[in-house]
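Undergrad: Task: produce atomic coordinates for the following.
(chains A and B)
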Amino acid sequence: MTDRSRVRARVVDGLLIAMMILPFVGCILLKILFTPASEGITIAGPQIYLTVPMPLQPLYISESTVVSAAVVIAVIGLCLYLTHGIKEVPDSKRQLVAEFIVEKVTDFVGENMGARFIGFAPFVTAILALSALSSMSSLFGLYSPTSDINIVAGWAVLVFILITHYKLRGGLGNYLKSFGDPIPIFYPFNVISEIATPVSMTFRHYGNILSGAVISTLIATVLAKLSNLLLSLTHNFYIANIPFLRVGLPAVLSLYFDVFSSVLQAYIFAMLTMLFISGGYPEEAVEKRREKRAAKKAAKEAKKSEEAAAKQ
Amino acid sequence: MKGPLFFALAAEYLDVIYINIWSIIVSLANLLILYLILKKLLFKPVTKVVSARREKVDGMLREAQEAKEKAEQDRETYAAQLSHAQEDAAEVMRRAAQSANRTGDEIIRAAETRAQEMLKRADEDIAQEKKKAVNEMKEELSGISLTIAEKVVGREIKEQDHKKLIDDFISEVGEDHE
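TA: Predicted coordinates:
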């Protein structure tokens, strides 16, 4: 490798690392610039940066939208960084990391969905990365996109579309009939449970992350008030405003709510996605349908050849 | 947007729970885009490289196995060849001796034949030479006897007249001589 190409590789690496970090920096700057100084602690939804008039409902460019876009860009940067200079014989740690990720997720998907759905590995990785990183963006003081119901609902809708798509592989009749299982009286309940799948996925994820944020905020507020109460004994305005009790406990809570809970919810969402998609796949019906089609085709061809023979 | 940047006095917030169809669609698209990106930028190159490496390693293993099998085969072949080599050598020696014997016999036979032929020809030559010498002698003798007869008789004998007579005589003499 020549010096010049090495330098070029270094520059590309630097740019890719910047691509991972800069979106979050931008988000933080945006938040700082748009948030008035004397806001205090509030529990509210994402801040609106821009409102675009659209039919039905206005499109909000809110903090959650911006942060999730930042996450997507950062993941692109990460992918490019990990696979930059990939070789048949690995000589860099990042290639090992990339191979580790790919191998683990592929194994994970293969274990939970079977070999037929091994192509879902990138999708599951996307869910894991997007969900975990979105939730963890609260570590930078940003609004977690996953505590916005619409963001998680979008993913759940996509998962629901996929579930339905794979269920329809067994034929529309089979799909409609499957709701009357085990007895026809269950039909409405099964329909409701089918619709409840994405809704429950959405609420589980969104509720966990939002509640974590709310609890963190409440505890921080309480601790500030408590320290204020204690220090007001000094009768000094400036000393009384030092929230010394906030040191310690919020950090531990952040470790749980921002890191552990984020990863856990991402894992749960990915797991449910895999189980619902592979579990809903009507393998027997698909097999039957395929056989039927093959038989039909064979019969058609036999008829055709017979006609041809008769002509001759 | 309420005010210009840097002078935002009151931020506008959405509710904690709100439903916005466009947000949902944007988020769905985000996940879809991320899926495609991961597939193209992470899974594809890594899978390619890993499978290429696996193929290479498999190829190497297969080659090693093949080489080992071939070496084993060669060893067996050589051992078998070695054991046969002595037999072959003996066979070759025997054949060579046989062929040498045969050639020697042929040469001797040819030489004998040739010698006999030469002897036969020599005999023939001798017989011819003898005949020739006899004829010459007869002629000379007839001449001598004529001369002697002339001298004895005193007169010339006409050769034509007495040729027959002399010849008869000579042949009688020759017969006696022979």
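Undergrad: Where does the residue of the stretch 151-300 of chain A found nearest chain B sit, in terms of helix or strand?
TA: Of all residues in the stretch 151-300 of chain A, A:Gly154 sits closest to chain B, at 2.8 Å by CB to the nearest CB. Heads up, the C-betas are built off the backbone N, CA and C, glycines and all. Per DSSP states H and E, A:Gly154 falls inside helix A:149-167.
Undergrad: Quick check: residues of the stretch 101-250 of chain A near chain B?
TA: A:101-103, A:121-123, A:125-127, A:129-130, A:145, A:148-155, A:157-158, A:210 (CB under 8 Å from any CB of the partner chain).
Undergrad: which among those end up buried?
TA: The neighbour-count test (16 or more other CB atoms under 10 Å in any protein chain shown) marks A:101-102, A:121-123, A:125-127, A:129-130, A:145, A:148-155, A:157-158, A:210 as buried among these.
Undergrad: okay, now residue 146: neighbour count?
TA: No chain was given, so I picked chain A. By other CB atoms under 10 Å in any protein chain shown, 35 other residues sit near A:Thr146.
Undergrad: That was the other one, I meant chain B.
TA: Counted with other CB under 10 Å, residues neighbouring B:Leu146 total 16.
Undergrad: What helix or strand is it located in?
TA: Per DSSP H and E: B:Leu146 is located in helix B:44-153.
Undergrad: next one: A:Ile48
TA: strand A:48-52.
Undergrad: distance of A:Glu63 from A:Gly141?
TA: 11 Å (CB to CB, to the nearest Å).
Undergrad: for B:Ile37, same thing?
TA: 27 Å.
Undergrad: Tell me, what's the model's pLDDT at A:Leu272?
TA: The per-residue pLDDT reported for A:Leu272 equals 92.
Undergrad: Then A:Cys79?
TA: With respect to pLDDT, A:Cys79 scores 89.
Undergrad: Could you count how many residues lie near it?
TA: There are 26 residues near A:Cys79, going by other CB under 10 Å.
Undergrad: doesn't B:Phe43 make contact with it?
TA: No - when contacts are counted by CB atoms under 8 Å, A:Cys79 is not listed as touching B:Phe43 (9.2 Å).
Undergrad: Quick check: the residue of chain B nearest chain A.
TA: At 2.8 Å from chain A, B:Ser27 is the closest residue in chain B, using CB to the nearest CB.
Undergrad: which residues touch that residue?
TA: A:68, A:145, A:150-155 (CB atoms under 8 Å, 6 or more residues apart in numbering or on different chains).
Undergrad: Can you pick out the most distant pair from the residues you listed?
TA: Greatest spacing in the contacts of B:Ser27, by CB to CB: A:Ser68 and A:Ala153 (12.6 Å).
Undergrad: Need the residues that contact stretch A:281-292.
TA: Residues beyond stretch A:281-292 that count as contacts (CB under 8 Å, 6+ apart) turn out to be A:116-117, A:166-167, A:169-171, A:174-175, A:178.
Undergrad: Now it: buried residues?
TA: Buried positions in stretch A:281-292, judged by neighbour count with 16+ other CB under 10 Å: A:281-282, A:285-286, A:289.
Undergrad: just to revisit the earlier point, quick one: residues contacting the residue of the stretch 151-300 of chain A closest to chain B.
TA: With CB under 8 Å, 6+ apart, A:Gly154 has these contacts: B:23-31.
Undergrad: Among those, find me the one that's closest to B:Val50.
TA: After measuring the contacts of A:Gly154 against B:Val50 - CB to CB - the closest member comes out as B:Leu31, at 25.6 Å.
Undergrad: Not counting residues beside it along the chain, what's closest to that closest one?
TA: A:Trp155 (5.0 Å; CB to CB, 6 or more residues apart in numbering or on different chains).
Undergrad: now swap in A:Pro58 and tell me
TA: In space, and not counting its chain neighbours, A:Pro58 is closest to A:Thr51: 5.1 Å by CB to CB, 6+ apart.
Undergrad: ok, what's across the strand from the one you found?
TA: Under DSSP bridges, the beta-bridge partners of A:Thr51 are A:Tyr60.
Undergrad: Could you measure from it over to B:Ser23?
TA: In terms of CB to CB, A:Thr51 sits 12 Å off from B:Ser23.
Undergrad: And those two? Which one has more around it.
TA: For A:Thr51 and B:Ser23, the more surrounded residue by other CB under 10 Å is B:Ser23, and the numbers stand at 27 against 13.
Undergrad: And that one, which helix or strand is it part of?
TA: Following DSSP H and E, one finds B:Ser23 within helix B:21-37.
Undergrad: ok, now B:Ile19?
TA: Using DSSP H and E, B:Ile19 sits in no helix or strand.
Undergrad: Spit out the contact partners of it.
TA: A:149-150, A:153.
Undergrad: Repeat the analysis, applying 10 Å as the threshold.
TA: The neighbours of B:Ile19, taking CB atoms under 10 Å, 6 or more residues apart in numbering or on different chains as the test, are A:57, A:149-150, A:153.
Undergrad: In JSON lines, list those residues along with pLDDT.
TA: Output for these, formatted as JSON lines (pLDDT from 0 to 100):
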{"residue": "A:Gln57", "pLDDT": "85"}
{"residue": "A:Ile149", "pLDDT": "89"}
{"residue": "A:Asn150", "pLDDT": "89"}
{"residue": "A:Ala153", "pLDDT": "92"}
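Undergrad: So for A:Ser144, what's the pLDDT?
TA: A:Ser144 is assigned 88 on the pLDDT scale.
Undergrad: How many residues are close by it?
TA: With other CB under 10 Å as criterion, A:Ser144 counts 27.
Undergrad: Also A:Val67?
TA: Neighbours of A:Val67 under the rule other CB under 10 Å: 30.
Undergrad: show me what contacts the residue nearest to B:Leu31?
TA: A:126-127, A:130-131, A:134, A:146, A:198, A:201-202, A:205, A:269, A:273, B:24, B:27-28, B:30-32.
Undergrad: are any of these buried, and which?
TA: Buried by 16+ other CB under 10 Å: A:126-127, A:130-131, A:134, A:146, A:198, A:201-202, A:205, A:269, A:273, B:24, B:27-28, B:30-31, out of these.
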